[in-house]
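Engineer: Generate coordinates for the sequence data below:
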Amino acid sequence: MKLYFASGNKHKRDEMSRLLGGYQLTIPSDEGISFSPDENGSSYIENAQIKAKALWDIVHQPVIADDSGLSVKALGGKPGIHSARYGEENGKKLSSEEKYMLLLKNMEGTEDRSASFIAALCLILDEERIFIIQESCKGSIALSPSGTSGFGYDPVFYSDEARRISAELSPDEKDIYSHRGKAARLMKMILDRELSKEALI
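Structural biologist: So this is what the prediction gives:
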């Protein structure tokens, strides 16, 4: 089944495709669709809904959207829903490495390094069937980056469950412990259930 993924991030598309095995994920740029919704929600769930609804209004086919980020206790929950734009001001763009190095700099001397990765997924099958899931992965911010896998803040996030830095995990290992992996497994159950109903009609 073809499923639109409301994102421009190919890393996330590949990861979500793996997590939702059996479903073909298409991002807007794959079909030349201009897609840049204003993510002005106050929570991960609101932003996931905004993105899903914006793409649904264009394609009118099943859409899934993700909004995720890193919440650091000592920073009052930041970077939070602004994780993808952390440190970017006045039009200045930062690489993933620049963002996580800025995070480490802002946490220098901080003893409480507890943090969580959070992911919200919104699935729209039609205007009357909308499903939302939010999950998390608890851990802490490392003192220095490590590992070469993953993306984003993975090199500085220590997963309590995996007992390793996220960027040190293989894709299969990350799928087990990650915030997006947990949320996607639940969403896949919903997709399988709802589509099996349609097959019986």
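
Engineer: use CA for all of it now, contacts and neighbours both
Structural biologist: Will do.

Engineer: Neighbours of residue 145, how many?
Structural biologist: Residues contacting residue 145 under the criterion other C-alpha atoms under 10 Å number 19.

Engineer: With residue 73 instead?
Structural biologist: For residue 73, the neighbour count with other C-alpha under 10 Å is 15.

Engineer: Kindly report the same for the one 5 residues further on.
Structural biologist: Other residues within reach of residue 78 by the criterion other C-alpha under 10 Å amount to 17.

Engineer: That one: what's it in contact with?
Structural biologist: Shown in contact with residue 78 (C-alpha atoms under 8 Å, 6 or more residues apart in numbering): 70, 71, 72.

Engineer: do you know how far the residue nearest to residue 180 when sequence neighbours are not counted is from residue 195?
Structural biologist: Spatial nearest neighbour of residue 180, excluding adjacent residues (C-alpha to C-alpha, 6 or more residues apart in numbering): residue 119 at 5.5 Å. Relative to residue 195, residue 119 is positioned 23 Å away (C-alpha to C-alpha, to the nearest Å).

Engineer: When those two are compared, which one has more neighbours?
Structural biologist: Using other C-alpha under 10 Å as the criterion, residue 119 and residue 195 rank with residue 119 on top: 26 against 12.

Engineer: which element is that one on?
Structural biologist: Here residue 119, judged by DSSP states H and E, is contained in strand 114-126.

Engineer: Many thanks, we can stop here.
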